[in-house]
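Novice: starting from these lines, generate the structure:
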Amino acid sequence: MKINKNDFNEAAKTILMSPGEMVRTLRELKEWTQVDLAEETGISQANISAIENDRIEIGKQRAIVLAEALNVHPASIMFADYSEAA
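Specialist: All right, here's what the predicted structure looks like:
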């Protein structure tokens, strides 16, 4: 079967996510529960849930703590929805 590149749509170059959605995605990629992330960060599971559901702001200090636990740069969390085109 011959594949023609014109049969496909180009993928989006960016993904728009809130900081909370980014935390959830990174946590799930590590196959951690919210309890696991809470234990790694010292942030309560209830606050992890609130962050992931965008009910509370992350803030700089929490972003740093979360980023260290998730092995990413804090900007990956704080500016998850950044786009050069914006």
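
Novice: dump the residue contacts of residue 78.
Specialist: Residues near residue 78 by Cβ atoms under 8 Å, 6 or more residues apart in numbering: 19, 58, 60, 63. The way it works is simple: take the backbone N, C-alpha and C, and place the C-beta from them, glycine included.

Novice: quick check on the third one: phi, psi?
Specialist: So that's residue 60. phi -60, psi -50 (degrees, to the nearest 10).

Novice: now do it against residue 77, distance only.
Specialist: Distance of residue 60 to residue 77, computed by Cβ to Cβ, to the nearest Å: 10 Å.

Novice: what's the closest non-adjacent residue to the spatially most central residue of the chain?
Specialist: Nearest to the mean C-alpha position of the chain, by Cα atoms, centre = their mean, lies residue 22 at 1.3 Å. Sequence neighbours aside, residue 80 is the residue nearest to residue 22 in space, at 3.8 Å (criterion: Cβ to Cβ, 6 or more residues apart in numbering).

Novice: ok, the one you found - contacts?
Specialist: With Cβ under 8 Å, 6+ apart, residue 80 has these contacts: 17, 18, 19, 21, 22.

Novice: give me the number of neighbouring residues for the second one.
Specialist: Right, the one you point to is residue 18. 16 (other Cβ atoms under 10 Å).

Novice: can you give me the helices in this protein?
Specialist: Taking DSSP state H, the helices of the chain run over residues 19-29, 34-41, 45-52, 59-70, 74-78.

Novice: ok, which of these comes nearest residue 7?
Specialist: helix 19-29 (29.3 Å; Cβ to Cβ).

Novice: what does that closest one contact?
Specialist: Helix 19-29 has contacts (Cβ under 8 Å, 6+ apart) with 17, 33-34, 36-37, 48, 51-54, 58, 63, 66, 70, 72, 76-78, 80-81.
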